[in-house]
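Asker: generate coordinates for the sequence data below:
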Amino acid sequence: MTLTNRPIAYFCLGLSMTLVGSYVALSKPLALIFPVMLLAWLRFGIGAIAMLGWVRRPADEPPLSRQTRWLLFFESFFGNFLFTLCMITGVALTSAVTAGVTMAAIPAAVAIMSWIFLRETVNTRTWAAIALAVLGISLNALSKPDTPSASTSASQALLGQLLLVAAVLCEATYAVIGKKLTASVSPKRITALINLWGFALSAPAGLYLAWQFDFAQVTLPQWGLLLFYALAACVWTVWLWMTGLRTVPASQAGIFTVLLPISAALMGMLALGERISGIQFLAFAVALTSVVIATWPERKPAKR
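Answerer: Numbering: from 1, shown residues only. This is a model prediction of the structure:
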């Protein structure tokens, strides 16, 4: 399989996480319209229709081994199914900015899991970038904390925070398993197959809720938002991420997850009217610096 060159791989990884952050924020209004499991089922269903042509095995790709089939299942279970449930419910009980703070742990989680499970060597510069990423976004904690809304109690807000932590672990697992899958399966086929698993896992609850749900109450703009959410979450972000992972080590790719909380918080401000303080903008600048450190070309030794 042809590998993508480094600049294009970096662009794919960065754009993927930016889109993930956008739909993390936009899932909040959708979760107010649709029950979470129904929303997940509709998302995977739209994705399945959009990727029908990606399921068939290319002629130059080997048949799926038993281990690869299990990896595809776990990739979908943790990265699609559980991440979607934890993220949507967590954001609904907290805010997009709170999600941004919590997602700051993703780069470190990916690096540690890559070191343990993939035996990747994490160099000093990557560790420094990880530390800067976590430190930058964690500056959000110094700003005024979110206060529970009238419909959200303190205990519900705590539950939402715990669910966002679970989403972090799911995203790190997704990155590590994805790196192993890209060694033998094309990005398009990985995207389509893990989406089909997500559709199957959410189908029982989704069908039950769909039978009781009044779809006539959903407006045309809300359907448009659902369509963007489904395509971004199921198709674009996964394909972009898997394309970048074919070239970039998982520990280094994890640095790009810092763009997820930045995008989520900015979308929360621009689309949902949430407030972002000056210290949070400073945090984002520090976090973006970590991406520059991680991706800056290494100086080649001078020829003698």
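Asker: so Val122, which of the three states?
Answerer: coil (DSSP: H, G, I helix; E, B strand; the rest coil).
Asker: look up how far Ile116 lies from it.
Answerer: 11 Å (C-beta to C-beta, to the nearest Å). Using the backbone N, CA and C atoms, a C-beta is placed for each residue, glycine as well.
Asker: so if I had to pick from these two, which one is more boxed in?
Answerer: More crowded of Val122 and Ile116, by other C-beta atoms under 10 Å: Val122, with 17 against 10.
Asker: kindly provide the distance from that one to Phe256.
Answerer: To Phe256, Val122 is 15 Å away according to C-beta to C-beta.
Asker: go on, Ala129?
Answerer: For Ala129 relative to Phe256 (C-beta to C-beta), the value is 10 Å.
Asker: more neighbours, those two?
Answerer: Remark: of Ala129 and Phe256, Phe256 carries more neighbours, 30 against 27, as counted by other C-beta under 10 Å.
Asker: do you know the pLDDT at the more buried one?
Answerer: On the pLDDT scale, Phe256 is placed at 84.
Asker: with adjacent residues omitted, what lies nearest to it?
Answerer: Leu13 (4.1 Å; C-beta to C-beta, 6 or more residues apart in numbering).
Asker: same thing with Met267?
Answerer: Ala25 is the one closest to Met267 (C-beta to C-beta, 6+ apart), at 3.6 Å.
Asker: do I have it right that that neighbour meets Ile88?
Answerer: No. Counting by C-beta atoms under 8 Å, no contact exists between Ala25 and Ile88, whose distance comes to 11.2 Å.
Asker: residues that sit against both of the two, list them.
Answerer: Counting by C-beta atoms under 8 Å, 6 or more residues apart in numbering, Ala25 and Ile88 have no contacts in common.
Asker: ends of stretch 70-82, what's the gap?
Answerer: End-to-end span of stretch 70-82 (C-alpha to C-alpha, to the nearest Å): 16 Å.
Asker: now that stretch: buried residues?
Answerer: Leu71, Leu72, Phe73, Phe74, Glu75, Ser76, Phe77, Phe78, Gly79, Asn80, Phe81, Leu82 (16 or more other C-beta atoms under 10 Å).
Asker: kindly report the same for stretch 215-235.
Answerer: Those would be Leu225, Leu226, Tyr229, Ala230, Leu231, Ala232, Ala233, Cys234, Val235, for stretch 215-235 by 16+ other C-beta under 10 Å.
Asker: chain center to stretch 124-137, what's the gap?
Answerer: Relative to its parent chain, stretch 124-137 has a centroid offset of 19 Å by C-alpha atoms, centre = their mean, to the nearest Å.
Asker: just the pLDDT at Ala111, thanks.
Answerer: So, for Ala111, pLDDT stands at 78.
Asker: go on, the one 5 residues further on?
Answerer: Residue-level confidence at Ile116 comes out at 81, pLDDT.
Asker: in which helix or strand would I find it?
Answerer: helix 106-117 (DSSP states H and E).
Asker: now do the SS call for Arg119.
Answerer: From three-state DSSP, the assignment for Arg119 is coil.
Asker: and it, how far from Ala205?
Answerer: Taking C-beta to C-beta, one finds Arg119 at 38 Å from Ala205.
Asker: settle it for me: which of these two has more neighbours?
Answerer: Higher neighbour count among Arg119 and Ala205: Ala205, with 16 against 7, using other C-beta under 10 Å.
Asker: any idea how far that one is from Phe256?
Answerer: Taken as C-beta to C-beta, the span from Ala205 to Phe256 is 32 Å.
Asker: and the buried residues of stretch 215-235, which of them are in strands?
Answerer: Within those, no residue falls in strands by DSSP state E.
Asker: hmm, which of those is lowest in pLDDT?
Answerer: Minimum pLDDT across those falls on Ala233, with 86.
Asker: with adjacent residues omitted, what lies nearest to it?
Answerer: That would be Tyr23: by C-beta to C-beta, 6+ apart, it lies 5.1 Å from Ala233.
Asker: that neighbour contacts Ala232, doesn't it?
Answerer: Yes. In this structure, Tyr23 is within contact of Ala232 by C-beta under 8 Å, at 4.7 Å.
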